[in-house]
Structure formats: C-alpha cells, structure tokens
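In: Prediction below, plus the sequence it came from.
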Amino acid sequence: DTEVTQTPKHLVMGMTNKKSLKCEQHMGHRAMYWYKQKAKKPPELMFVYSYEKLSINESVPSRFSPECPNSSLLNLHLHALQPEDSALYLCASSQEGDGETQYFGPGTRLLVL
Amino acid sequence: AQKVTQAQTEISVVEKEDVTLDCVYETRDTTYYLFWYKQPPSGELVFLIRRNSFDEQNEISGRYSWNFQKSTSSFNFTITASQVVDSAVYFCALRRAGGTSYGKLTFGQGTILTVHP
C-alpha cells in the first residue's frame, strides 16, 4: 500500500487566520516531506523530516511551521500567510535510505485571500 | 549543481499514437537516481519509475518504456498506443545518492501531455 493521505483537500483562508494541513502515512516510512507547487511549475521542497526530526528547511518563511508528532503524521501550521502563498501543498514520504522513492499524497489546494 | 531539462513544454497527440517525453539531466555525481512522476489534473504525483545511475538497463512496463543513456545524460519515457487517461503533466526528477539529508528531488519543468480521442 503506497498511500499518503492529506487533509483538507481544499482550504481558503484569510491573511490573519491560523490553519493547519495534515498528512498521514501508514507505510512505515521514516522520512516525510512538504512541497509547495505553484500552477504550471514543478514542486519545490520546503521541509524534510527524518526519524521525526527536521533535517532540511529550504529557507522557508516562519509563517510556515512544520511539525512531526510521530512517525506517521506530518503537520504544516500556517499563520499570517500572504496571497502569494496560494498553491498546492504536497506531502510525501519515503523509506530512510539511499535514493529511496518518495510517494506523494493528493495535496491540499490552498487559497489565501 | 544538478539540473533537469524537459525541453518539451507541451505535447498533443491523438489516441493510439506513440509519444516520447525527453529528459536530459546534469550532475557531477557518479551515483544518482532518476525518477519519472505523472501528475493528472487531480494533483497527486504518481510515481512511475526509479532508475539508479549504475543500471542502464531499459525497462518496459505495459505500454510504458524508459530509455536510460548515461553517455548522453538522458532518461526518456515512451508511451506506446497512448490513451486519453495518459493526459497529465509528466515530471522527470534527479536525486543525489545518500540518505534523506540528500533527499532533495530536482525536478524538470514538466511536460504537459494531452491525448485527444
């Protein structure tokens, strides 16, 4: 089973709101990722967690705050976003190891008004 | 620095035609991994294939086939007898060898494939 789930599927929020995106996998993967994808562009890596510890932060603004409560869950907390943050947010997971394949979830389409 | 180039921005074919999506990469690493993903309109990136740099064997999976040529730094993807359900954006991606700390995927810009009935 190569399933990664994400909730919600769609999210509309104002610039003063606080919201969270959730990602879950039950494949026993120990690495989890957040990507941001703008329309007609490839995904851009935001964060990587390995064994529940943040291992890569691609200089993402602090209004995005990741959290990995356990090995199956990954959250992305959003606060004071800007309209340019509107995008598809994709979560992925993989085994920890050399060249392991990343499996992606269906994404959350975020619109910031 | 690593780079992936998918020179074909958009391809349009009629059902049952064969179509090849090109992917050229640049890396100074001797060991690396190449991937193809499909992204249908629903948004999810669907994994299609992974190839490591020391395995140049071509692969066929049903109507899909991949041609990896290290000499030309290319990893091309062919769909035989295309179907409307193949319509999607296809991404080629490159990853360095190593654990998750090296796990960043370098994506190409993607090729939009439209298959007309």
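Out: Cool, the structure landed. Numbering: from 1, shown residues only, chains lettered A, B, ... in the order given.
In: Assign A:Y33 to helix, strand or coil.
Out: strand (DSSP: H, G, I helix; E, B strand; the rest coil).
In: List the beta-bridge partners for B:L94.
Out: B:L34, B:T106 (DSSP bridges).
In: Which parts of chain A are strands?
Out: A:4-7, A:10-13, A:18-25, A:31-37, A:44-50, A:53-57, A:64-70, A:73-79, A:87-94, A:103-104, A:108-112 (DSSP state E).
In: Quick check: mean pLDDT of the last one?
Out: What strand A:108-112 shows for mean pLDDT is 97.
In: got a list of what B:K16 touches?
Out: B:81-83 (Cβ atoms under 8 Å, 6 or more residues apart in numbering or on different chains). All C-beta spots, glycine's among them, are computed from the backbone N, C-alpha and C.
In: can you rerun that using 6 Å?
Out: B:A81 (Cβ atoms under 6 Å, 6 or more residues apart in numbering or on different chains).
In: Which strand or helix spans it?
Out: Counting by DSSP states H and E, there is no helix or strand that carries B:K16.
In: Next, give phi and psi for it.
Out: Torsion angles at B:K16 (phi, psi; degrees, to the nearest 10) stand at phi 80, psi -10.
In: Dump the helix or strand in which B:V89 is found to CSV, keeping only the CA atoms.
Out: Assessed by DSSP H and E, B:V89 sits inside strand B:88-96. In CSV, the C-alpha atoms belonging to strand B:88-96 read as follows (Å, rounded to 0.1, in the frame of the first residue of the first chain):
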residue,chain,number,x,y,z
ALA,B,88,-1.2,14.6,-17.5
VAL,B,89,1.9,16.5,-16.6
TYR,B,90,4.9,14.3,-16.5
PHE,B,91,7.9,15.2,-14.4
CYS,B,92,11.4,13.8,-14.6
ALA,B,93,13.5,14.2,-11.4
LEU,B,94,17.0,13.7,-10.2
ARG,B,95,18.2,12.9,-6.7
ARG,B,96,21.7,12.6,-5.3
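In: got a list of contacts for it?
Out: Contacts with strand B:88-96, where a contact means Cβ under 6 Å, 6+ apart, come from A:42, B:2, B:4, B:6, B:21, B:23, B:25, B:29, B:32-40, B:102, B:105-108, B:110-112.
In: Against B:A97, how distant is A:T101?
Out: 14 Å (Cβ to Cβ, to the nearest Å).
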